[in-house]
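Student: what's the 3D shape of this:
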Amino acid sequence: MHKNLIFQAVAAVALLGLTACSSEPAKTTEAKTDTTDTAKKAPAGPPEPVLAKTAFYEMYTPAHTWAADILPLSLKSGEVTGVKNSEGKAGLWTAVFGSVSMHMARTYTYSVTDELPTIAKGVTAEAPEAWAGPTTAVETFQTSDFTIDSDAAYKAAAAKAGDWLKDPANANKPVTMELGAASRFPAPVWYVLFGTSKLGFVAYVSATTGNVITK
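Tutor: The predicted structure follows:
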């Protein structure tokens, strides 16, 4: 029920849519050049998941270029093929920003890798859509209130879900993290879902203090 109060409208918005002269130094320089060339030719490692703040500010910059008065509405983790989400890090993050002056909202995604044709590496912006403005269920929030990153929020939520996570049947269940704000909370909160809404565990963590919020 609380999930719907905080994030149902966010989900609806989301659908709209970072010299020496001798010969010896010469040999040393040549060796360094060879080492550098070798490093440049070394294959890049596999893509790694990133923290929420890393992805958020990659998206915030182009969003602010679109509208100077933007405020975030939501930030949600996602999955991309070949990247394993872990302890608050994700391979895909989606943010929704709203502009009160333009009455428009826009969805941005940040992915650490390609999953074509639907997902492109880096930041992707969807077309702006009409937005009626913040409501009591889904408010905008200030970036200054977003002080607790996703890893710290995950750690706090996992501690709360300790008994549930100890069950072997829940060991490999997915984890979804979403940041949002509502009038019933004094600051934006992390909604952390272990498993599914029907068969899972939910914890709310303040994005300002990092404390678990008791229902």
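
Student: stretch 44-61: which residues count as buried?
Tutor: Within stretch 44-61, the residues that count as buried by 16 or more other CB atoms under 10 Å are 49, 50, 51, 52, 53, 54, 55, 56, 58, 59, 60. Any C-beta I mention is one placed from the backbone N, CA and C, and that applies to glycine too.

Student: residue 108 bridge partners, please.
Tutor: Going by DSSP bridges, residue 108 is paired in beta bridges with residue 95, residue 125.

Student: which ones are touching it?
Tutor: 59, 62, 63, 94, 95, 96, 97, 123, 124, 125, 126 (CB atoms under 8 Å, 6 or more residues apart in numbering).

Student: if I look at the residue positioned nearest the centre of the chain, how far off is residue 101?
Tutor: Among the residues of the chain, the one closest to the centroid is residue 52, at 3.3 Å (CA atoms, centre = their mean). Separation of residue 52 from residue 101 (CB to CB, to the nearest Å): 26 Å.

Student: can I assume residue 123 sits in a strand?
Tutor: Yes - according to DSSP: H, G, I helix; E, B strand; the rest coil, residue 123 belongs to a strand.

Student: that one: neighbouring residues, count only.
Tutor: Look at residue 123: counted by other CB atoms under 10 Å, it has 19 neighbours.

Student: how close does it get to residue 208?
Tutor: Between residue 123 and residue 208 the distance is 26 Å, computed by CB to CB.

Student: check residue 161 too.
Tutor: With the distance defined as CB to CB, residue 161 ends up 21 Å from residue 208.

Student: go on, residue 128?
Tutor: Using CB to CB, residue 128 is found at 29 Å from residue 208.

Student: residue 99 now?
Tutor: Taking CB to CB as the measure, residue 99 falls 24 Å from residue 208.

Student: check residue 169 too.
Tutor: 34 Å.

Student: out of the two, which sits in the busier spot?
Tutor: residue 208 (17 against 9).

Student: what about the nearest residue to that one once chain neighbours are set aside, which SS state?
Tutor: Distances taken as CB to CB, 6 or more residues apart in numbering put residue 187 closest to residue 208, at 4.0 Å, once the chain neighbours are dropped. Following three-state DSSP, the label given to residue 187 is coil.
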